[in-house]
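Asker: Fold the following for me, if possible:
(chains A and B)
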Amino acid sequence: MIPSKFDYVKPASVAEAVQALADGGDDAKILAGGQSLIPVLRLRLAAPSVIIDLGGIAELRGIREDGDHIAIGAMTSYHDIVRDDLVKQHVALLGQATETVADNQVRHRGTLGGSLAHADPAGDLGAPALALDAQMVIAGASGTRTVGAAEFFVDYFTTAIGDGEILTEIRFPKYTGWGSHYEKFNRTAQAWSMCAVAAAIKVDGGTISEARVGLTNMGTTPIRATGVEQALVGQPATADAVRAAAERATEGTAAPSDADAAADYREHLAKVLTGRAVLAAAG
Amino acid sequence: MTTTADPTTLEFGKARTRKEDARLITGRTKFTDAINLHGMLHLHVVRSPLAHATITGVDKTAAEASPGVIGVYTAADLGVEGVGLPCAWPITPDMKSPQRPLLAHTTVHFAGEGVAVVLARSAAEARDAADLVEVDYEPLEPVLNMEDALKEGATLVHPDLGTNENATWVFDSGAAGTGSSIDEAISAAEADADSIVLKRRFIQQRLIPAFMEPRACVVDPTGEQITVWAATQVPHILRTMTTVTLGVPESKLRVIAPDVGGGFGGKIGVLPEEMLCVALAQKTGKPIKWNETRSESLLAAHHGRDQIQDITITAKRDGTVTGLDVHLLADMGAYLGLVGPGVPILGAFMFNSIYKFPALKFTCTNVFTTKTLTDAYRGAGRPEATFAIERIMDELAVELGIEPMELRKKNWITHEEFPFTTVVGLTYDSGNYEQATAQAMEAFDYAGLRREQEERRASGDKVQLGIGISTFTEMCGLAPSRVLGSLSYGAGGWEAASIRMLATGKVEVITGASAHGQGHETAFSQIVADQLGVPFEDVEVLHGDTQISPKGLDTYGSRSLVVGGIAIVKAAEKVVAKAKKIAAHLLEASEDDIEFSGGTFTVKGTDKGKAIQEIAFAAFMAHDYPEDMEPNLDADAVYDPENFSYPHGTHLAAVEIDTETGRVNLRKYVCVDDIGTVVNPLIVEGQVHGGLAQGIAQALFEEANYDDQGTLVNGTFVDYTLPSAADLPSFDTSTVSTPATSNPLGVKGVGEAGTIASTPAIVNSVIDALRHLGVTNVEMPCTSQRVWRAIQEAKGNTTQETPIDTHSPGAGLGSIDPNNPQGEVQ
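Answerer: Reported below is the predicted structural model:
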């Protein structure tokens, strides 16, 4: 299928990209890995006048250790994240969630920044970013600013990235030694999540000392299962205790109803999957 | 050479990789969209977003002014308001047959129906301009539910017909004299304490054939003839039907089906777009190309299945079945497809399946709705029938407390009883249900899995095991022209073949059965190599071009081998007979003393001989040949079989169901198919695997749904859920062979078997896993949500209704409505 006509710009630096965005005005659209934008263009659900391709900006790719953070360039591919040792060691949950996204071809093209900026509530990377308190570095004409994940996701396909701004880096605090698991439930192996749960757990002497739980596709944004986290802390990492805490998974959610799952079923899944995610994370 | 292949050669039965695959998988091939002609113009169709509406105005101004646009045309602009697309299967004399126009001109009858077309210099410009065509609609009430559509006072899809009923077709074994009366069987069962009457309703959801290559055509009017390239299963039928539809003389039409990327029945139609391209090519004098998008394909290409099945079975308490009463409602959609009304009728003769029912009645009412039309989809009528009979055999087994396989054994035709004439008057030529079943049960470890199932039930395991059976047969190889005639089918069922012996000993085989992914070039080469005793590599199979293969009835209904392949054998026999004459002449022997084996003609009892290649060269040179013949070995044959082909098999499925989430995990699938003699086991395995995937997909994954406005909600592959290899287990497939007695190769069709057999095996296994929890039915597809709801209902918990007509809101593309492409993502 053929997209509408658009102009194409491929800047070589973030500064050039910001300038191109300013020049492009309201109709400009940023192309990262293209795994959502290209289908949207081809289905003619969007018709931007100019596409700004970030693929030529080397500084936006790569994973580095930065003090007590792991900093990931927005244009880093899923594939690179899944295979990265720093991610495995300090932000394992992100790697686990990323590995469930679609198929190999998509994971070679799709990027962490593109996924977070697109902010599809069924996307798999929002929930771990939220649960792990990722910091989003956003560049604009007046410099860069940093937004916490809790403020980043605003609504359905809407983030705190303002007009003329570009997400450049995602910074994760280190969760070295934590257990983690991403429990995904979908219709077919490569489909979007009907519901998924991202859990990172710290267990000390059989007792859960810290818990971070994020939910995918249980509202218009990724949702932090605060109630579950509170209920887990101080509990033994046993099936009964975890399942009891998981009953609070639907607090603060607004589950969508669609052909794959009506709200009641999604809510049920959220509880079951939370229990499974936390137990798996606790090892 | 009149029976099976020469045992001294090895081609027959050899698992050759397909000769067509090198070009297909490296892209060195021509699909229709790859054909580009000088000066070619591109067509894009403006489609109705509404299911049912009056067209009150079409404003073409903006579109006509758009860059590159040659013209924007409605039916009136083209003068084609009176042109109707053909339906070739009037199933009853009084069948109601609305004319399907090339473009809707007063009323649209389904969402996706064309209203106007744009012609432009590039596909992109045509697509851009299509968005600018302003069509004004006055909405009418959509007609969506078959039962409501038949009620008094219902909104009519075609008011001039006075009804939404297309036709009602009845077969009654009592009236036909092929069996006894079903009414008597039911009365007798009701009056007998030792008998039962069991009724069930099954729903065959609507499916989309979802072939890989979307439909496309290119029409070139610039030569003496009009040449049409089309992504079609039926180049020959398309040629004849283009004449019937547009009046272009058949002799002035050349239709080419180049490499075609799948069809599954979805490409047997004669399309409005194809006819529009011909009309516009004639009008402009330029080549015209049309290539649909995936969303257009899902929306507007014909769908399949969509039946409501009310089944009544009667049986003695010992398990002996005594009667089957079948009532179907079949959704035709808004118009009739080429063979659409006959699709449910193809199932009429299969409800009795492998069982010895003494009485059977089949009543099918076809219904018009304001949905995309339905027509053939892999299996066409037979999957629906097989599903109903295999599901109700399981239900009967439960009611009677008889083990489901034992119930089947008690009722099936035993191998000693073949040939067997069934209650519907078909004669099954061969089969051995005992053998296929025994082999399948052993490979499956049926007893072991039953034990595991008992253990899981006893321990209350949250993962429950279900075992499903489908002992199927089907009728395929469409086929006997006289039988098709008796069913009022608008064509015969023969197939044509020609063989040309080239001067250098190479062989050209021309077949009317044009492949669209099946591997004909390989399998037919193997047959000819054995028949003529030439190397496999020396055989070239030509097809899919009415100028090269002028005669044929194309590819559908598992007919290529059992009809087209036999035509090739018949042609080969003629070649050998001619060659034998020349060989006798050259070897100075009597023809009666010539033997042919392994490609060489020898004089009995001597070492004198000549290879068939030498004879071909001698015929070419024509220096020395018998007085009473022409110097030519080439031969044509047309084969019209006397019976259908009846493959059968036993399919067994084991599913694990996570009772907490409702997730169905297909753990094991074993099938043993009896398809007679096998030409190429690798191709057979491929056909069975693909067929299983499609049948399992109906059971677990696929459904095409409409919202209450008549909008298709599965307009992309995000919403229409196809499984991939990652969703399916490794299949355990094998074959046994009871050679067909109805053809000289002993072969049976295999193209549809997997699809026909697998769906009920899966659904039976799902219900078997849950029945002890009180679940009695799960509608297809058995999604995790439906299974979870069924479990909750059985527990007495109320749950919400499954909103099958609502898009996934978060699915990567955002909340898209493919029928409202103007709607933007945020």
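Asker: Quick check: chain neighbours aside, which residue is closest to the residue of the stretch 651-800 of chain B found nearest chain A?
Answerer: Across the stretch 651-800 of chain B, the shortest distance to chain A (CB to the nearest CB) belongs to residue B:726, at 3.5 Å. (Each C-beta comes from the backbone N, C-alpha and C, glycine too.) Excluding the flanking residues, the one nearest residue B:726 by CB to CB, 6 or more residues apart in numbering or on different chains is residue A:189, at 3.5 Å.
Asker: pretty sure residue A:227 contacts residue A:253?
Answerer: No: using CB atoms under 8 Å, residue A:227 is not in contact with residue A:253, being 10.0 Å away.
Asker: Quick one: find the helix or strand in chain A with the lowest mean pLDDT.
Answerer: None of the helices or strands of chain A scores lower by mean pLDDT, DSSP states H and E than helix A:37-42, at a mean of 90.
Asker: Now the element after it, going C-ward?
Answerer: strand A:50-53 (DSSP states H and E).
Asker: what separates that following strand from the chain centre, distance-wise?
Answerer: Relative to its parent chain, strand A:50-53 has a centroid offset of 23 Å by CA atoms, centre = their mean, to the nearest Å.
Asker: Okay, now the sheet partners of that strand, with direction.
Answerer: strand A:7-9 (parallel), strand A:28-31 (parallel) (DSSP bridges).
Asker: and the residue of the stretch 651-800 of chain B closest to chain A, how far is that from residue A:28?
Answerer: According to CB to CB, to the nearest Å, residue B:726 and residue A:28 sit 37 Å apart.
Asker: Could you pull out the helices in the stretch 51-200 of chain A for me?
Answerer: A:78-83, A:85-90, A:92-99, A:104-109, A:112-118, A:126-131, A:149-152 (DSSP state H, counting those that start in this stretch).
Asker: phi, psi of residue B:137?
Answerer: phi -120, psi 140 (degrees, to the nearest 10).
Asker: more neighbours, residue B:726 and residue A:28?
Answerer: residue A:28 (20 against 9; other CB atoms under 10 Å in any protein chain shown).
Asker: wait, what's in contact with that one?
Answerer: When contacts are counted by CB atoms under 8 Å, 6 or more residues apart in numbering or on different chains, residue A:28 touches A:20, A:21, A:48, A:49, A:50, A:51, A:52.
Asker: The fifth one: how many residues sit nearby?
Answerer: In terms of burial, residue A:50 registers 17 neighbours under the definition other CB under 10 Å.
Asker: any idea of the pLDDT on it?
Answerer: pLDDT for residue A:50: 96.
Asker: where does the stretch 51-200 of chain A dip in pLDDT?
Answerer: Counting by pLDDT under 70, the stretch 51-200 of chain A contains no low-confidence segment.
Asker: Contact residues of it facing chain B?
Answerer: A:120-123, A:156-158, A:185, A:187-192 (CB under 8 Å from any CB of the partner chain).
Asker: Mind giving me the PyMOL select for those, buried ones only?
Answerer: Here is the PyMOL command that selects the buried residues among those (16 or more other CB atoms under 10 Å in any protein chain shown):
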select buried, chain A and resi 120+121+122+123+156+157+185+187+190+191+192
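Asker: Okay, and which of the residues of the stretch 51-200 of chain A next to chain B map to strands?
Answerer: Among those, the members falling in strands (DSSP state E) are A:158, A:185.
Asker: ok, residue B:571 touching residue B:635?
Answerer: Yes: at 4.8 Å, residue B:571 counts as touching residue B:635 under the criterion of CB under 8 Å.
Asker: what is in contact with the two at once?
Answerer: Contacts common to residue B:571 and residue B:635, judged by CB under 8 Å, 6+ apart, are B:498, B:499.
Asker: Those two: which has the busier surroundings?
Answerer: residue B:571 (26 against 20).
Asker: check contacts around the more buried one.
Answerer: B:497, B:498, B:499, B:509, B:635, B:636, B:637.
Asker: Extract the C-alpha trace of the stretch of helix or strand it belongs to and format it as CSV.
Answerer: Assigned by DSSP H and E, residue B:571 belongs to helix B:566-586. Extracted C-alpha coordinates of helix B:566-586, given in CSV (Å, rounded to 0.1, in the frame of the first residue of the first chain):
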residue,chain,number,x,y,z
ILE,B,566,-4.7,-38.5,-15.2
ALA,B,567,-5.3,-36.4,-18.4
ILE,B,568,-1.5,-36.2,-18.6
VAL,B,569,-1.2,-40.0,-18.2
LYS,B,570,-3.8,-40.5,-21.0
ALA,B,571,-1.8,-38.1,-23.3
ALA,B,572,1.4,-40.0,-22.4
GLU,B,573,-0.2,-43.3,-23.4
LYS,B,574,-1.1,-41.9,-26.8
VAL,B,575,2.5,-40.7,-27.2
VAL,B,576,3.8,-44.1,-26.4
ALA,B,577,1.3,-45.7,-28.8
LYS,B,578,2.5,-43.5,-31.6
ALA,B,579,6.1,-44.0,-30.8
LYS,B,580,5.6,-47.7,-30.7
LYS,B,581,4.4,-47.7,-34.3
ILE,B,582,7.5,-45.8,-35.4
ALA,B,583,9.7,-48.0,-33.3
ALA,B,584,8.3,-51.1,-35.0
HIS,B,585,8.7,-49.6,-38.3
LEU,B,586,12.4,-48.7,-37.7
